[in-house]
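In: fold the following and give me the result.
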Amino acid sequence: MAIGAYGIVNRIVFLFLMVVMGFNQGMQPIAGYNYGALHFDRVMKVTKLTICWAVGVCTFGFAVTYLFPWYIIRMFTSDEELIQTAIYGMRIVFAAFPTVGFQMVSSNFFMSVGMPKQSIFLSLSRQLIFLIPLLIILPKFFGILGVWISLPASDFIAFILAAIMLVRQFRKFKQAHPTIQ
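Out: Have a look, this model is predicted:
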């Protein structure tokens, strides 16, 4: 039952992440062009705007899944036990979902400005570096709940890491060009 519930929740997560991926694709050439032209203020502006929209979509996803979980899960199944299991898991998985938009845009920012190592590191941090160890450790202490909470925990840790890296890079831009606000 939990595997079926995870499959449903994962599809719902992906629906919102596809929108964020679209924002990233729109941001990338603008950020890359302006970075190449040394217009760091524009790079920062488009990044901040994209972050706002991405966090907005993820926050909307969080709100919708918390307010109307039964209706959303019902689109995938009519099995009442599976619906209840998926609602339980969805509420946990979406707990830190607003942070995912920020993390994804931050990773895309580094790719856009020609910093592939930072971009790859941030991309891998959420789904590999943090999630896999948490999936190994947390179920030992919390059982199936540990599997569910490993997802928002890895999202939140990746968000903190992305925030630190993005703030540092923005500070470097400001140091290179003191006129940037």
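
In: for the rest of this, base every contact and every neighbour count on C-alpha atoms.
Out: OK.

In: which stretches of this protein have low pLDDT?
Out: 181 (pLDDT under 70).

In: which residues of it fall in helices?
Out: Along the chain, counting by DSSP state H, helices occupy 2-36, 40-67, 69-74, 80-93, 98-112, 116-124, 131-142, 144-176.

In: which strands or helices does the shortest one pack on?
Out: Using 3 or more CA pairs under 8 Å, 6 or more residues apart in numbering; DSSP states H and E as the contact criterion, the elements in contact with helix 69-74 are helix 80-93.

In: quick one: buried residues of the helix it packs on?
Out: Neighbour-count burial for helix 80-93, counted by 16 or more other CA atoms under 10 Å, picks out 82-93.

In: name the residues that touch that helix?
Out: 1-2, 4-6, 8-9, 65-66, 69-70, 73-74, 77, 148-149, 151-152 (CA atoms under 8 Å, 6 or more residues apart in numbering).

In: ok and it relative to helix 144-176, angle-wise?
Out: Computed with axes from the mean of the first three to the mean of the last three CA atoms, to 10 degrees, the direction of helix 80-93 lies at 30 degrees from that of helix 144-176.

In: how far off centre is helix 80-93?
Out: 21 Å (CA atoms, centre = their mean, to the nearest Å).

In: put the alpha carbons of that helix into CSV.
Out: This file holds the C-alpha atoms of helix 80-93, laid out as CSV (Å, rounded to 0.1, in the frame of the first residue of the first chain):
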residue,chain,number,x,y,z
GLU,A,80,-10.1,4.0,0.2
GLU,A,81,-7.2,2.4,2.0
LEU,A,82,-4.8,3.6,-0.7
ILE,A,83,-6.3,7.1,-0.6
GLN,A,84,-5.8,7.3,3.2
THR,A,85,-2.2,6.1,2.9
ALA,A,86,-1.4,8.5,0.1
ILE,A,87,-3.0,11.4,2.0
TYR,A,88,-0.8,10.6,5.0
GLY,A,89,2.3,10.4,2.9
MET,A,90,1.5,13.4,0.8
ARG,A,91,1.1,15.7,3.8
ILE,A,92,4.5,14.7,5.0
VAL,A,93,6.2,14.9,1.6
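
In: picking that back up, comparing the helices of the chain, which comes out most buried?
Out: Among the helices of the chain, helix 98-112 has the highest mean neighbour count (mean count of other CA atoms under 10 Å), at a mean of 26.

In: leaving out sequence neighbours, find the closest residue to the spatially most central residue of the chain.
Out: Central residue of the chain (CA atoms, centre = their mean): Val100, 1.9 Å from the mean position. Residue nearest to Val100 in three dimensions, not counting chain neighbours: Asp155, with 6.1 Å by CA to CA, 6 or more residues apart in numbering.

In: ok, the buried residues of helix 80-93 vs Ile30, which is closest?
Out: Val93 (32.1 Å; CA to CA).
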